[in-house]
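*Asks:* Sequence first, then the predicted structure, then my questions.
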Amino acid sequence: MSEATDQSAAEMRSLLRFAQGLGLDEDTPREIYEADGEQAAEAEVAVSQAAEI
């Protein structure tokens, strides 16, 4: 596994434990993690486009 994959896996495990402590189901942190990744990718594109201007 690459370092980024290891970090992503560790982040997901941490989110799952946190959600479990709050009494949430497993799907909730997965949805949050995926949405966060999508927003980060969109922000990266926006920054790249702004740098080109």
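*Replies:* Structure received.
*Asks:* Spatially central, which residue of this structure would that be?
*Replies:* By Cα atoms, centre = their mean, the chain has its centre lying nearest to residue 33, at 3.6 Å.
*Asks:* what about that one, distance to residue 49?
*Replies:* Here residue 33 is placed at a distance of 25 Å from residue 49 (Cβ to Cβ, to the nearest Å). Any C-beta I mention is one placed from the backbone N, CA and C, and that applies to glycine too.
*Asks:* What helix or strand is residue 6 located in?
*Replies:* helix 3-22 (DSSP states H and E).
*Asks:* Can you get me a residue count around residue 29?
*Replies:* When neighbours are counted by other Cβ atoms under 10 Å, residue 29 registers 21.
*Asks:* So for it, what pLDDT did the model give?
*Replies:* Residue 29 carries a pLDDT value of 79.
*Asks:* how close does it sit to residue 45?
*Replies:* To residue 45, residue 29 is 25 Å away according to Cβ to Cβ.
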